[in-house]
Structure formats: C-alpha cells, structure tokens
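Visitor: Just the structure for this:
(chains A and B)
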Number of protein chains: 2
Amino acid sequence: MYNIELEQALEVALKSVRAIEDTEKIPLEDSLGRILGEDFYAPMDNPPFNRSPLDGFAIRSKDTTMASEDNPIAFKVIDKAYAGIPSNKTLGSFQAIRIMTGGKMPLEADCVIRLEDCIENGNNMVLKKSLQPFENYCYKGEDIKSDTLLIEKGTKLSAIHLGVLGSMGQSSVKVIKRPKIGILVTGDEIIEYSSPLIDGKIYDTNGILLGSRLKELGFDYIKIDTEKDDPQSVAESILKNIDNLDILITTGGVSVGDKDIFHEVVKIINANQLFWKLKLKPGTPAMYSILRDKPILSLSGNPFASLVTFELIARPLLEKISRDSSVKTIRTKAKIMEDFNKTSKNRRFIRCIYEDGKVKLPKGGHSSGMLLTMKDCNAFVDIEAGNTGLRKFDEVEVVIL
Amino acid sequence: MYNIELEQALEVALKSVRAIEDTEKIPLEDSLGRILGEDFYAPMDNPPFNRSPLDGFAIRSKDTTMASEDNPIAFKVIDKAYAGIPSNKTLGSFQAIRIMTGGKMPLEADCVIRLEDCIENGNNMVLKKSLQPFENYCYKGEDIKSDTLLIEKGTKLSAIHLGVLGSMGQSSVKVIKRPKIGILVTGDEIIEYSSPLIDGKIYDTNGILLGSRLKELGFDYIKIDTEKDDPQSVAESILKNIDNLDILITTGGVSVGDKDIFHEVVKIINANQLFWKLKLKPGTPAMYSILRDKPILSLSGNPFASLVTFELIARPLLEKISRDSSVKTIRTKAKIMEDFNKTSKNRRFIRCIYEDGKVKLPKGGHSSGMLLTMKDCNAFVDIEAGNTGLRKFDEVEVVIL
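Guide: You can find the predicted model right below:
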C-alpha cells in the first residue's frame, strides 16, 4: 500500500503483529513495571492469623459482661503475645494475655481491651467496661482471603502490587517476557559522538532520542550497528539480528532520493513491504515491512519527524506486542490558546503543550528539523488535511505523549 | 518535638537536609531521568551548516529572476550534494547542483528549486518560475545557535533533552549524583520470602513496597540487612551504613510497645531525634532523627501507614536532596463522589481514586492494615481533625501520588 491514511496504516500494522505469549519467572524485586503472566490467586490468608490491631489485653468478651464503672472486674495476666512471638496458652475464665499490635490472638480470646482503657496492676488487669465479641479484633484473611484472584494476568505491576505479592510470600513472579526492540540508524550524514564534526555531517540524534523514548515508556532496546550508508551492510545487519528481535525500528533512507537506501535494503533482505508513505506531515515517508514474521518499522531520518511517527505508529504496535496498555497514546479534545496561521495541505501534527484541556504552542520554530522547541512539549495537535489555519479557542484534537 | 502537625514536621525535616551538590560525568545513554549538573550551552550550531530542506537543485536566485511559464531558463547541472557528502564546487551563472534533503548548500547557492517544480534533462535542468533569495533554504544554527543556554542546571533529562544533547555531539553529560537511599525493615514478626510461614509471623511487605515506590519515583535504593528484632544489631547496621547514605528510611519499632525497639536504637547510635509522633492517621508514630548529618526517617511497620507517611514526608525530603522537582507530591481540590461516614478525631488520610477533579473511594477495606484495596488508588483524601464525615459532592483536599 502506498500513500495511505494513518488509521489504515495502523490497522495493517497491528494486524501483522502478535502479543508476546512467553513468560519467565523473575525475582519479585525485579518485577516492577512488568506485565503479570498469569492470574495471581492468593496462596494464603493475610493476615495469616487472627491478630490484635492495638496494644492491650486479649480476653474473653463473656468475662466482661458485668463490668462497669461501679463494678470493676479483675483479670489475671498469664502471658504476653508480641507481634511475631505468639503465646501458646489458652485463656481461661477471667484470664488475660498482654498483647501488642500485630500479635496473634491467643486461643479462646475474642476481643482486646485497649491498654489505655484498663488498669495494669502487677499480675492483674482491671477493666470497668464490657466488650463485644470481636471488638478490637482483626480477622485472619481480613485483607486478603486465600484463593481469591488478587491480580489479573496482563496487569502492569506497581509498587502496591509488589507489596501485595510480598505479603503473600512470593519471592518470584511469572511475567510476560519483555519485547526485544532493535534500533538501527541509517544515513550517510550521521556520525558518532566520539568523532570530530566533519563538514556536511551531523551527530546521531535519532538513536538516542528514540532509544530514550523507549526507556521512558519502560522498554529496553538494542542498538544495532551498521555501516550507515551501505544497503548491503544494513541488510546484513538486519538479517543477522532480526530473529533475536520482536520489532525493529529504523530511521533514515526511506524518502525518494538516490541515497534513500531502504528501498534497496528491503529488496536485498526480501522483506514484505506492507506500506510506504503516509498522508501526514512530518514523517510522510514511513515504511513498514515484515521479515520472517517480524515487523520492521522504518521512520524518517528527521528527528522530529521520527519522533512523531514513533508516537503515532510504534507506540500502538509496542502496546500490542508487550501487552502494556499504559503505552497507549491518549487522544483528547482541547482548546487552542493562540492562532496557528498555516494552511495544512496534508494532515499535519504540530508540537504543543497540553494542560487542563488547553493547548499552547511552544515559542520558537515548528519546522520539522527542529528538536529543541519540543523539549517543553507533551503533545501534538492533529490538524486535518485542508485546514486553513487555527483560530484562538478553536477546539482541536490532541495526541498526548 | 512530640506529637506535632505534618507541616511542622516537614519544616523541621526539610531544614535538616541539603540538596546534593556533587556531580559526575556519565555516558549520554545512561543519563535519562538524571538531573543536569550544570547549565548546558550549545557548543555548536545545529544544523552545523546551511542545508537544503528538500530534494531539488541548489541554484542562485538571481539567475531565476526572468523565469516564467513563457520563459523557461536552463541550468547546467555541475555536481551532486548528498546529506553527509557535500559538493566542493562553487556555483557560477546558470549552474545548478543536484541536492538532497539535509545536503549542505554549495557555495554561492542561495535557494533550492524543488525537484517536482523543474524538469531534469540529462546534464540540464529547466525551471519556469523565479525564486526568492533563501527560498527552501535551511540556515546554519536555525534550530540551535552556538553558545545559547539550551538546558538549565537542575533540569530532569528527558528523551528530548538526550536527543538535543546527542545532536550537540555530547557522548557524556555532567549530572547531579543520585541520592543513596537506604531501607531498613525492623520487626520481630517479619520473615523473608524464602522462609516457610511460621506461626504468628508475616512476610516482609514494607521493604519491597517502599523500595519499589522509590524505583517508581526514579530512585535506586540499598536494602540494609539486620537482625530484625534486636536493637543492638539494628544500631550496628545503621552505624556501619549511614556514612554511605544520603537518607535512611526505616520501618517498624516506633510505637510504644516494649518491642518497639527504635527508641533504644536511637539511644545506642546517639542520634539526634528531631520529632516523634505526628497528629495524623495512619502512621502516627513516625520518627525523625539525624545521625552524623544524615537523616533517618522511621516509619510505622504497618504497610499502608508506612506508605502514607512515605508519600507525605519522604517524598518532599527526596525532592530536596535529589533536586528532582518531579518527585513532589501534588495537592489539589476535588469533589468526593460518595459519602464517607466516619468521624475523624485526628487528621486522617484515606486512599482514593482521583480523576478529573473527582474522587472515588475504593471498594473494600480502608483499615490501615489493608494494602490490597490501595492497588487501584492514586491519591489520598486529607481529612482534617474533628471532621464528622464527608457528604457526596463535598470539596475535599487531595494528595496525588
């Protein structure tokens, strides 16, 4: 397909990829942000035993029935129960066990009198009020009941989830394997940071930009090295690495010039090109191919353009592959707070600052070669083809990063 | 100080810590999310040379003045300029150089005729329209001018910043050193995940909960091992590790029971206790001490309580120490969408789900021993002391995580 709408491109691309099925067991402390690979059922109750929610004395409520200001009742203190150090005694009539917050309720005890509500006196404790059965009593399984579904498969694990898994004694967690994402930068003009600047060349921006963007979204990436301008070398790098990847993202070489090597690369590796060119700006020449069942998303070499198409196409793909719904780009409506006086022959995405239903445009350049003014932006305005300019307070469609 | 307001505790604690000054040079690709340690001025222009924004022919505008549909003008094509491979020829009268997007403008060329706006014919190119000086011309330094302040000291580096630093040829970046944060869990009842569950014991929740919360905020942490119930052993662990930390967060042992060992620990290590007990729930017994200029924040052993006081006290401290303003907890007003029928003798923080100015309460338990219902929450409602209950649609104060 050639020169298609974004939505059509997304449909084609999403249909061509599968969500990762493989799982792995990893240590609990490494599982933050990972996607749970199975429904997690509570293997135990939490708390795992009936316990006291406060400091006091564990007693039998029936021994307190007659207690009042006028009729203090004395209990014999027969033991102590600390958090972690239970008492193995069973309460008899008018017996009490001193108990601390988190301490296990002794046998026969069905309530706790708060320390400040009674009088301690040597081996005796005296109370002047009656208690209900299970007053100040924290049930076994009150927070979590054994065998209940606690966290569903596909959940992205947060600190709270890890706390819950920890409380369930899980030292390891079964999670979906992370997507292996390759980044390959092409372009004759690109030089590495270690090189001195040569006439007509520029430093690599796309590699670090898209790689860091992947990290911001919670992914790792593999930087794939290649001769940046030679189709044969690029093709060999792809063939060598593709089996070890879930998706390859490339930049550069997808336009129409005779140094736009990606057309030749696709032929050499014998990939199945599903589309080339989108009806939008910037990033028009985006290309998408499949090689050995693996997607290759090839973006413009222009940094801002590569970022826009990364957000628009790579993110939905990564969301599906990784099963991480938090990766989704969010669309919303907003009021634009200033004029934008440009006619958009094609559908156009411009950088903006979105906050509270309002959109501002950054000061400085909007040209797609400019990256700097993107640094304070967090969204794009999606302007439809044929738009003759935006007026202050117009409602616009916004894609939030 | 004893039994003080949260705001007073924060004032005392914040006054006692300093922002980290030390910087380090690290590789660009490791600097995402780090705090820039110096003002970064552009060491070069970007683009570093005048270049063509499109595919076409670089020419002199003055040679096109007479061109029109009726008066086509022919140019002799004398060379090619690719991105990264400049032409070293100088344009003469009615000469053109084929130029690709990103290619360096040849000497004397001051505009570019778009490929689709002219006719290529062997070694000749013919155009039928005149061009303005600097039409289709991208200036050296158009995006970034050498010596301008690009990123201020103290900025948290995003993917865009890394892209900008990359485009400036920076293979390494000077950043503020990360805070070294220790977590030490105490409590007789705590056992490790590797142990079978022993009667009256519970698995460690606070360590993984607060550690993962630190990771969510972008920090690393050091787990400090100790005998969990022995004041002498805890004191020794602290003394051994404190010099290597910027802050130590402990959980457990701060209440009033005779197993609340932290009071004794503070004496053994000879720390300066600045406050103990806050006028709020949950997490009342929070304690704060200084040892050898290092802060020790000691939180309740109850997981939910430790989380609340972590968010309320540890985050502002970490924000100051790390210079990372994104760590700040945000407060806002919201409408509560259901009743909360409890009297709050003390100031009380309850878990909630905040979205778009509205607050919902999670289904299930609010008791401070319960962590599970926190998993869908993203905020706390801050309820003032003496409140007799919240009515649906009441405006409430919300702390967003």
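Visitor: So what's the residue count around A:Glu319?
Guide: For A:Glu319, the neighbour count with other Cβ atoms under 10 Å in any protein chain shown is 18. Yep, even glycine has a C-beta here, placed from its N, CA and C like the rest.
Visitor: Please apply the same query to A:Asp143.
Guide: Residues within reach of A:Asp143, counting by other Cβ under 10 Å, total 23.
Visitor: Please apply the same query to A:Gly357.
Guide: Residues near A:Gly357, counting by other Cβ under 10 Å, number 12.
Visitor: Verify the stated contact: it with A:Ala379.
Guide: No. Checked against Cβ atoms under 8 Å, the pair A:Gly357 and A:Ala379 is beyond contact range at 11.7 Å.
Visitor: What segments of the stretch 1-150 of chain A are strands?
Guide: A:2-4, A:23-27, A:40-41, A:56-59, A:73-81, A:95-99, A:111-114, A:118-121, A:124-127, A:149-151 (DSSP state E, counting those that start in this stretch).
Visitor: So A:Glu319, which state does it fall into?
Guide: helix (DSSP: H, G, I helix; E, B strand; the rest coil).
Visitor: who's in contact with it?
Guide: A:325, A:327-328 (Cβ atoms under 8 Å, 6 or more residues apart in numbering or on different chains).
Visitor: Let me know the pLDDT of it.
Guide: We note a pLDDT of 98 for A:Glu319 in this prediction.
Visitor: same question, A:Leu54
Guide: A:Leu54 is assigned a pLDDT of 88 by the prediction.
Visitor: Likewise for the one 4 residues further on?
Guide: The predicted local distance difference test score for A:Ala58 is 97.
Visitor: residue contacts, it?
Guide: Contacts of A:Ala58 by Cβ under 8 Å, 6+ apart are A:52, A:81, A:91, A:96-97, A:99, A:103, A:105-106, A:109, A:111-112.
Visitor: let's see it at 6 Å
Guide: A:97, A:99, A:105-106, A:109, A:112 (Cβ atoms under 6 Å, 6 or more residues apart in numbering or on different chains).
Visitor: Mind giving me the PyMOL command for buried ones among the residues you listed?
Guide: To isolate in PyMOL the members of the contacts of A:Ala58 that are buried, counting by 16 or more other Cβ atoms under 10 Å in any protein chain shown, one can use:
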select buried, chain A and resi 97+99+105+106+109+112
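Visitor: how about JSON lines for the contacts of A:Ala58, with pLDDT and distance to A:Asp204 added?
Guide: Shown next, in JSON lines, are the contacts of A:Ala58 (pLDDT from 0 to 100; distance: Cβ to Cβ, whole Å):
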{"residue": "A:Ile97", "pLDDT": "97", "distance to A:Asp204": "70"}
{"residue": "A:Ile99", "pLDDT": "95", "distance to A:Asp204": "65"}
{"residue": "A:Met105", "pLDDT": "96", "distance to A:Asp204": "65"}
{"residue": "A:Pro106", "pLDDT": "96", "distance to A:Asp204": "69"}
{"residue": "A:Ala109", "pLDDT": "96", "distance to A:Asp204": "70"}
{"residue": "A:Val112", "pLDDT": "97", "distance to A:Asp204": "66"}
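Visitor: For A:Ser233, state which of the contacts of A:Ala58 is nearest.
Guide: A:Ser233 has its nearest neighbour among these in A:Met105, at 72.1 Å by Cβ to Cβ.
Visitor: roughly how far apart are the closest residue to A:Gly37 other than its chain neighbours and chain B?
Guide: Leaving aside its chain neighbours, A:Gly37 sits nearest to A:Thr23 (3.4 Å; criterion: Cβ to Cβ, 6 or more residues apart in numbering or on different chains). For A:Thr23, the distance to chain B equals 19 Å [Cβ to the nearest Cβ, to the nearest Å].
Visitor: residue contacts, A:Thr23?
Guide: Taking Cβ under 6 Å, 6+ apart as the test, what A:Thr23 contacts is A:37, A:174, A:176.
Visitor: let's go with 10 Å and repeat that
Guide: For A:Thr23, the contacting residues are A:35-38, A:153, A:173-177, by Cβ atoms under 10 Å, 6 or more residues apart in numbering or on different chains.
Visitor: Show me which residues of the stretch 251-400 of chain A sit near chain B.
Guide: A:252, A:255-260, A:285, A:300-304, A:306-307, A:310, A:351, A:356-357, A:364-365, A:367-378 (Cβ under 10 Å from any Cβ of the partner chain).
Visitor: go with 7 Å
Guide: A:255-257, A:259, A:303, A:365, A:369-372, A:374-375 (Cβ under 7 Å from any Cβ of the partner chain).
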